[in-house]
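Enquirer: build the 3D model from these lines:
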Amino acid sequence: MAAEHEHTGGTVRVDSWIWCVRLTKSRSQAATACRAGHVKVNGERVKPAQAVKVGDEVRLLHAGRERVVVVSRLLAKRVGAPVAVEAYVDNSPPPPPRTDVLAMGLRDRGTGRPTKRDRRELERLHGRSRG
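Expert: Below you'll find the predicted structure:
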């Protein structure tokens, strides 16, 4: 079944491939990332129409995280997640732990402005304490 989605030629557009292997939610997001310079193929910034081939290294900065993948299979259409994972080798650095993200000191909606004491506690959490 996966063979019908595979591209028979030697290259595929980079924005299309990024979308097909589910690194972005839409093809327009992939094209926008290319135009903004957030996509590199073999170390070079690329335009959305740049061709990728098997063996190319694709670096994508998306959603605050850098993804580093090596193309192992070319896809012409978007496929399911289990098939998409087989189309590349993921060499990305591990994502930051979720506990670091949540320890920012979020306030409840509708509680108003922070008091002086609240502000000092937030500054201490962020490591910006005066002293």
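Enquirer: tell me what the closest residue to Gly55 other than its chain neighbours is bridged to.
Expert: Once flanking residues are discounted, Gly55 sits nearest to Val71: 6.5 Å by Cβ to Cβ, 6 or more residues apart in numbering. Quick note: C-beta positions are derived from backbone N, CA and C, even for glycine. Following DSSP bridges, Val71 is listed with bridge partners Tyr88.
Enquirer: so that it lines up with my notes, have the first residue be 32 from now on.
Expert: Noted, 32 is the first residue going forward, which turns the last one into Val102.
Enquirer: count residues in the vicinity of Val102, would you?
Expert: 21 (other Cβ atoms under 10 Å).
Enquirer: which residues touch the closest residue to Ala112 other than its chain neighbours?
Expert: The shortest distance from Ala112 to any non-neighbouring residue, by Cβ to Cβ, 6+ apart, is to Arg53 (6.0 Å). By Cβ atoms under 8 Å, 6 or more residues apart in numbering, the residues touching Arg53 are Arg109, Ala112, Ala115.
Enquirer: work out for me the element Arg53 sits within.
Expert: Assigned by DSSP states H and E, Arg53 belongs to no helix or strand.
Enquirer: for it, report the pLDDT, please.
Expert: With respect to pLDDT, Arg53 has a value of 95.
Enquirer: quick check: next helix or strand after the helix or strand bottoming out on mean pLDDT in the chain?
Expert: When the helices and strands of the chain are scored by mean pLDDT, DSSP states H and E, helix 129-133 comes last with a mean of 54. The element immediately downstream of helix 129-133 (helix or strand, assigned by DSSP H and E) is helix 147-157.
Enquirer: for the record, mean pLDDT for that following helix?
Expert: Rounded mean pLDDT across helix 147-157 is 84.
Enquirer: about what we covered before: who wins on neighbours among the contacts of Arg53?
Expert: Ranking those using other Cβ under 10 Å puts Ala115 first, with 18 neighbours.
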